[in-house]
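Undergrad: next come a sequence and a model predicted from it.
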Amino acid sequence: MSKFNVQQCPVCDGKAFSPFLTCTDFFVSGEQFSIKQCNSCGFKITENIEDEDNIGAYYQSENYISHSNTSKGVVNSIYHAVRKYMLGRKRILVEKATSLKTGQILDVGTGTGFFLNEMKQNGWQVTGTEKSSDARDFAKKEFNLDNLPSEKLFTLKDKSFDVITLWHVLEHIHLINENMETFHRLLKEKGKLIIAVPNHSSTDAKHYKEFWAAYDVPRHIWHFAPKQMKQLGEIHGFKLSSLHTMPFDSFYVAMLSEKYKKSKLALFKGISYGKLSWLNSIFHPAKCSSVIYVFERSN
Ligand SMILES: [Zn+2]
């Protein structure tokens, strides 16, 4: 198996890096991975991970809730209740960002299809790409969605979408610049690109350090803060138009982080710290655990 190691920063082309943190894969393997940071722009990158063809082994956990539908355990139950609420909130955000009530949407890394189903039920023409064949089968069976394998992204027609969404997906994609370039090609002139990713400059990331659940190594290859996300958009012909918070992520990530720390009263502490982190982000979206970035084409 060949490893994926980045020698050049995909955001600023910098070639000098410093060690940042060593994190454990708490979800699947228990292995440790180092995260390095770009000396020029501060972008953070997980080192020495499996390449695209072999990383699948690190996703094979019953705990990997974004691809499963179990509601076992308190954290999962909360996750499922919140998901239902968030689906409506995401749809409203898409409709506000595009000023459209219906249109053509592409959801990249669409998982089990809950979000695209919400959009389809509300009159949108939907296209989804997803790497996992199990998740694609689930979306077909549950919602009759014909989602495409990830590599089909590159074969879609120019300027065919009003909006492209990635909900906690970009941080998993090895070919980040190739994907960003393709999103620009696929969007119509007034199209919007909506990207939600964890924020390593958040209050909770700084508090939990190597236990911060949203480092999620080695599945998260890239670790963003608003400055680097804005810059990545700019090199691909996008202008950042707005930032939005994902309030529930503060709670969910804090609870998981407490669990990883093996804290006593993890749930209680997670909710308390999550609340603090969320309150901090109300007037400062750039401090939220996860941030939604809305981009428009600048050329
Ligand atoms: Zn850089």
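TA: Looks like it arrived, so ask away.
Undergrad: contact residues of the stretch 1-150 of the chain facing the ion?
TA: The stretch 1-150 of the chain comes close to the ion at residues C9, V11, C12, G14, C38, S40, C41, F43, as judged by Cβ under 5 Å from the ion. Bear in mind the C-beta positions are built from the backbone N, C-alpha and C, glycine included.
Undergrad: could you turn the buried ones of these into a PyMOL selection?
TA: Command for PyMOL that selects the buried part of these, burial taken from 16 or more other Cβ atoms under 10 Å:
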select buried, resi 9+11+12+14+38+41+43
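Undergrad: in a markdown table: the residues of the stretch 1-150 of the chain next to the ion, plus pLDDT.
TA: As requested, these are exported to a markdown table (pLDDT from 0 to 100):
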| residue | pLDDT |
| --- | --- |
| C9 | 98 |
| V11 | 98 |
| C12 | 97 |
| G14 | 97 |
| C38 | 98 |
| S40 | 97 |
| C41 | 96 |
| F43 | 97 |
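Undergrad: name the nearest of the residues of the stretch 1-150 of the chain next to the ion relative to K152.
TA: K152 lies nearest to V11 out of these, by Cβ to Cβ, at 26.4 Å.
Undergrad: buried ones in stretch 289-299?
TA: In stretch 289-299, counting by 16+ other Cβ under 10 Å, buried: S289, S290, V291, I292, Y293, V294, F295, E296, R297.
Undergrad: dump those into TSV; add secondary structure, distance to the ion and pLDDT as well.
TA: Shown next, in TSV, are the buried residues of stretch 289-299 (DSSP: H, G, I helix; E, B strand; the rest coil; distance: Cβ to the ion, whole Å; pLDDT from 0 to 100):
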residue	secondary structure	distance to the ion	pLDDT
S289	coil	22	88
S290	strand	21	91
V291	strand	18	94
I292	strand	22	95
Y293	strand	17	97
V294	strand	23	98
F295	strand	19	98
E296	strand	23	98
R297	strand	23	95
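Undergrad: the helices in the stretch 1-150 of the chain, which residues?
TA: Assigned by DSSP state H, counting those that start in this stretch, the stretch 1-150 of the chain shows helices spanning 74-98, 114-121, 133-143.
Undergrad: give me every residue that touches the closest residue to the ion within the stretch 101-250 of the chain.
TA: Nearest to the ion in the stretch 101-250 of the chain, going by Cβ to the ion, is Q228, at a distance of 7.1 Å. Listed by Cβ atoms under 8 Å, 6 or more residues apart in numbering, the contact partners of Q228 are V11, C41, G42, F43.
Undergrad: kindly report the same for H184.
TA: So H184 contacts L193, H236, G237, F238, R297 (Cβ under 8 Å, 6+ apart).
Undergrad: looking at those, which are in strands?
TA: Among these, DSSP state E puts L193, F238, R297 in strands.
Undergrad: so which of those comes closest to L267?
TA: Nearest to L267 out of those is L193 (Cβ to Cβ; 35.8 Å).
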